[in-house]
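Colleague: below are the sequence and a predicted model for it; my questions follow.
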Amino acid sequence: MISAKMNIKTLTLRNFRNYENETFAFGEGLNVLTGKNAQGKTNCAEAVFYLCTGSSLRIRHDRQLIRHGQSSAYLRAEAGSRFGTVVLEAEIYDNRRELRVNGVRVARAADFLGNMNSVFFSPGELRLIQDGPDERRRFLNLSISQTSRPYCVALQRYQKILDQRNNLLKERDAALVLETLPVWDEQLAAYAARIVKARREYLAKLSPLAAEAHAYLTDGAETLALSAERAYPESEEEIRKKLVRELADAYERDLRLGFTTVGPHRDDVKVMLDGEDARGYASQGQTRTAALAMKLAEVEIFKLLSGETPVLILDDVMSELDLPRRKKLVEKVKGLQCILTCTHAERALYGKECVKLTVRGGRLVP
Ligand SMILES: Nc1ncnc2c1ncn2[C@@H]1O[C@H](COP(=O)(O)OP(=O)(O)O)[C@@H](O)[C@H]1O
Ligand SMILES: [Mg+2]
């Protein structure tokens, strides 16, 4: 059923990170980007991801992406999808940015997201399971947002109201706070219920795909299952009501702590290996394999939901995996565009057909 393959054909970077002006030409299959440390491999991977999602996983402020001493950065990708060629552009200034799709300016990040799906995998994601819930929530939020605009919008509104509620909780006048909170909570719970429901549906689809990828990676030695950590009622309306109650029950604690202690921004994903909670039970190798399986499942879910394979960005992960997993990963990524960075390209592993690129000091080596 899947025939279409999203792929980036060219990537132009001007005054982005350590790049002054460079254009990359990628192949539709495996692209291996090599270079010594601190030459610009991750920067290139980050640029691809930024153009796919409108965000970077590494930064808090877009201005960090601007090359030191410059006033703006420019990124452009020409990409292919089943809808034809898409041109994605981003112009980043000190405190604002402009995003364009096919030359047309988009006002909201939600409109930029979803034109090109991408899965980003770096050593950070290998800690998806061992680390705290933040990483797993980020995984869910980004992954669902790429395929569901309503989710992306609900999440943004939720976050905004949450920030306002948290500011309110820091007010001194407790009486005023208690009077105002219910107004915020009604809105907050409505968006929260949408988020909770979408995550549950997504996890129900992701879990069997992750189990399948995991069985492939481990030759069926262990079973992997993913689910929402917290149980919520079935319907969105019931979830909303429950959250309104929980928010009200937590007023005293929230006031004391100065932030909102209940809601989907605190929820986690339960990762079970052979029926046991993987955190604190699985070895480092096992949790890495499980994280890889989650990421491969993300690739599959994009195929399922959009009918197109996403662009897979593998930044510096190969050196963190053992040879059998490396081989399996390379085997698995056949049939989609992959941009892989590493310090040493293992020729035997990547084969002859891959496109090889080398960067040095923010320049492509001819
Ligand atoms: N905004 C920036 N302006 C100029 N150089 C930058 C900027 N951000 C990062 N760099 C430089 O980019 C280099 C790191 O590139 P990176 O892609 O992370 O390396 P690697 O090839 O090891 O993945 C460092 O030398 C860093 O100083
Ligand atoms: Mg790097």
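Modeller: It's in. Only a predicted model underlies this, so the values are computations on that prediction, with no experimental measurement involved. Ligands and ions are numbered 1, 2, ... in the order given.
Colleague: low-confidence stretches in this structure?
Modeller: Within the chain, the ranges that satisfy pLDDT under 70 run 1-3.
Colleague: residues from it in reach of ligand 1?
Modeller: For the chain, the residues found near ligand 1 under the criterion CB under 6 Å from any ligand atom are 17-18, 35, 37-43, 64, 66-68. C-beta coordinates here come from the backbone N, C-alpha and C atoms, glycine included.
Colleague: for residue 105, see how far away residue 98 is.
Modeller: Distance, residue 98 to residue 105, by CB to CB, to the nearest Å: 6 Å.
Colleague: neighbour count: these two, which is higher?
Modeller: Each of residue 98 and residue 105 has its neighbours counted (other CB atoms under 10 Å); residue 98 has more, 14 against 11.
Colleague: coming back round to it: quick check on the residues of the chain next to ligand 1: which are buried?
Modeller: 17, 18, 35, 39, 40, 41, 42, 43, 66, 67 (16 or more other CB atoms under 10 Å).
Colleague: closest one to residue 168 out of those, please.
Modeller: Looking at these and their distance to residue 168, the nearest is residue 66, at 34.5 Å (CB to CB).
Colleague: quick revisit: among the buried ones among the residues of the chain next to ligand 1, which one lies nearest to residue 292?
Modeller: Of those, the one sitting nearest to residue 292 (CB to CB) turns out to be residue 42, at 18.7 Å.
Colleague: mind listing what the closest one touches?
Modeller: With contacts defined as CB atoms under 8 Å, 6 or more residues apart in numbering, residue 42 is in contact with 58, 122, 315, 316, 341.
Colleague: what about the fourth one, distance to residue 34?
Modeller: Counting by CB to CB, the gap from residue 316 to residue 34 is 11 Å.
Colleague: so what sits against both of those two?
Modeller: For the pair residue 316 and residue 34, residues contacting each of them under the criterion CB under 8 Å, 6+ apart are 41, 341, 342, 343.
Colleague: hey, what's the third one bridged with?
Modeller: According to DSSP bridges, residue 34 are recorded as the beta-bridge partners of residue 342.
Colleague: give me the subset of the contacts of residue 42 that lies in strands.
Modeller: 315, 341 (DSSP state E).
Colleague: top of the contacts of residue 42 by neighbour count?
Modeller: The most neighbours, when the contacts of residue 42 are compared by other CB under 10 Å, belong to residue 341, which has 26 neighbours.
Colleague: can you show me the helices along the stretch 251-366 of the chain?
Modeller: 251-257, 284-306, 323-332, 347-350 (DSSP state H, counting those that start in this stretch).
Colleague: in contact with residue 210, which residues?
Modeller: Neighbour list for residue 210: 224, 225, 226, 290, 293, 294, 296, 297 [criterion: CB under 8 Å, 6+ apart].
Colleague: repeat for residue 343
Modeller: With contact set as CB under 8 Å, 6+ apart, residue 343 has these partners: 34, 35, 36, 37, 316, 319.
Colleague: ok, of the residues you listed, which one's closest to ligand 2?
Modeller: Proximity to ligand 2 was ranked across the contacts of residue 343 by CB to the ion; first place goes to residue 316, at 4.9 Å.
Colleague: center of the protein - which residue?
Modeller: Among the residues of the chain, the smallest C-alpha distance to the mean C-alpha position (CA atoms, centre = their mean) belongs to residue 142, namely 4.1 Å.
Colleague: in terms of helices and strands, where is that one?
Modeller: When elements are assigned from DSSP states H and E, residue 142 belongs to helix 133-147.
Colleague: which residues are in contact with that helix?
Modeller: The list of residues contacting helix 133-147 from outside it, by CB under 8 Å, 6+ apart, reads 52-53, 55, 57, 110, 113-114, 117-118, 124-125, 127-129, 151-152, 155, 198-199, 202-203, 229, 265-269, 271, 294, 298, 301-302, 305-306, 310.
Colleague: can I get that helix in CSV, CA atoms only?
Modeller: Once side chains and other backbone atoms are set aside, the C-alpha atoms of helix 133-147 remain, and they are given as CSV (Å, rounded to 0.1, in the frame of the first residue of the first chain):
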residue,chain,number,x,y,z
PRO,A,133,8.7,11.2,32.0
ASP,A,134,9.6,14.5,30.2
GLU,A,135,11.3,12.7,27.4
ARG,A,136,8.4,10.3,26.8
ARG,A,137,5.9,13.1,26.8
ARG,A,138,8.0,15.0,24.3
PHE,A,139,8.1,11.9,22.2
LEU,A,140,4.4,11.6,22.3
ASN,A,141,3.6,15.3,21.8
LEU,A,142,5.9,15.7,18.8
SER,A,143,4.9,12.4,17.2
ILE,A,144,1.2,13.0,17.5
SER,A,145,1.5,16.6,16.5
GLN,A,146,3.2,15.7,13.2
THR,A,147,0.2,13.7,12.1
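Colleague: what angle sits between that helix and helix 284-306?
Modeller: For helix 133-147 against helix 284-306, the angle between stretch directions is 20 degrees (axes from the mean of the first three to the mean of the last three CA atoms, to 10 degrees).
Colleague: in helix 133-147, what's buried?
Modeller: Residues 135, 136, 137, 139, 140, 141, 142, 143, 144, 145, 146, 147 are the ones in helix 133-147 that count as buried (16+ other CB under 10 Å).
Colleague: of all residues in the stretch 51-200 of the chain, which one is closest to ligand 2?
Modeller: Residue of the stretch 51-200 of the chain nearest ligand 2, by CB to the ion: residue 122 (7.9 Å).
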